[in-house]
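Asks: Sequence and predicted structure below; questions after.
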Amino acid sequence: MLLFFRSVFATPLMRKFRRSRDGVTAIEFALIAPVFFVLVLGTMEIGISFLVHRMADNAVLEASRKIKTGQALRDGFNETQFKAEICSSMPDFMCDVDRIVLEVSEFEFFSELDSIDDMLDDDGEIREDYNFQVGSAGSIILVRTIYRWPMVTSILGLSAADGGNYERYLYSTQVFRNEPFPYTADGGV
């Protein structure tokens, strides 16, 4: 049997085949390419999520100004309108109202903020029992949002911000005292 293999691999054609280096680069690229492309696309996806996070943070800041100045109280904003206000400060293709989780709460003292609950429950799922209180003049307001940004790499669960289900949770928080505006809850002055 050994003689058979030796005679087959000893032929001039087989010797030439063993010495040939043609295609080695293609084989090495085929082995390395998937890892390379995952790294490049993952880096791009994380960079885009940072951009969207900054844009969402700025959008929440701009929308919160409506509460701070009393415009939300005067115009009778509800949660849906406030979410739409957040999205109006972002490009249409980047914002989906249904992906925003929103809490707007009123406090009497800043020290009460020490005892607020996390936006996630013990299992890491987003809670759904949130307030929407724009408060009155001089009220302390907490605006917290989670924007559920779709990301393929979040399935790896490498970050605490990854919610699974191909989503990354982008958090934004604003705490401020309402200005002394003249509006009341019924829209009057």
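Replies: It's in. Residues are numbered from 1 along each chain as shown.
Asks: for this protein, where's the lowest mean pLDDT among helices and strands?
Replies: Among the helical and strand segments of the chain, the one scoring lowest on mean pLDDT, DSSP states H and E is helix 2-9, with a mean of 56.
Asks: So, low pLDDT: which residues of this structure?
Replies: Low-confidence segments of the chain, defined by pLDDT under 70: 1-21, 154-164, 183, 185-189.
Asks: quick one: the helices in it?
Replies: Listed from the start of the chain, the chain has helices (DSSP state H) covering 2-9, 12-19, 24-68, 71-75, 79-88.
Asks: now for the longest one, which elements pack on it?
Replies: By that I understand helix 24-68. The elements that helix 24-68 packs onto, with contact taken as 3 or more CB pairs under 8 Å, 6 or more residues apart in numbering; DSSP states H and E, are helix 71-75, helix 79-88, strand 140-150, strand 167-177. Bear in mind the C-beta positions are built from the backbone N, C-alpha and C, glycine included.
Asks: quick one, which of the ones you listed is nearest to Val101?
Replies: Of all those, strand 140-150 sits nearest to Val101, with 4.2 Å by CB to CB.
Asks: Now do that closest one against strand 167-177: the angle between them, please.
Replies: Between the axis of strand 140-150 and that of strand 167-177 there is an angle of 170 degrees, by axes from the mean of the first three to the mean of the last three CA atoms, to 10 degrees.
Asks: elements contacting strand 140-150?
Replies: With contacts defined as 3+ CB pairs under 8 Å, 6+ apart, the packing partners of strand 140-150 are helix 24-68, strand 100-107, strand 167-177.
Asks: Quick check: neighbours of the last one in the sheet, parallel or antiparallel?
Replies: Strand 167-177 pairs in its sheet with strand 140-150 (antiparallel), strand 162-164 (antiparallel), by DSSP bridges.
Asks: nearest residue to Asp57 other than its sequence neighbours?
Replies: Counting by CB to CB, 6 or more residues apart in numbering, the nearest residue to Asp57 once its immediate chain neighbours are dropped is Ser172, at 4.6 Å.
Asks: Dig out what the residue nearest to Leu102 when sequence neighbours are not counted forms beta bridges with.
Replies: On the basis of CB to CB, 6+ apart, the spatially nearest residue to Leu102 that is not a chain neighbour turns out to be Thr145, at 5.3 Å. When bridges are taken as DSSP bridges, the partners of Thr145 come out as Leu102, Ser172.
Asks: so Thr145 makes contact with Val104?
Replies: No - taking contact to mean CB atoms under 8 Å, the distance of 9.3 Å between Thr145 and Val104 leaves them out of contact.
Asks: rewinding a little: kindly state which of the strands paired with strand 167-177 is positioned closest to Gly42.
Replies: When the strands paired with strand 167-177 are ranked by distance to Gly42, counting by CB to CB, first place goes to strand 162-164 at 12.4 Å.
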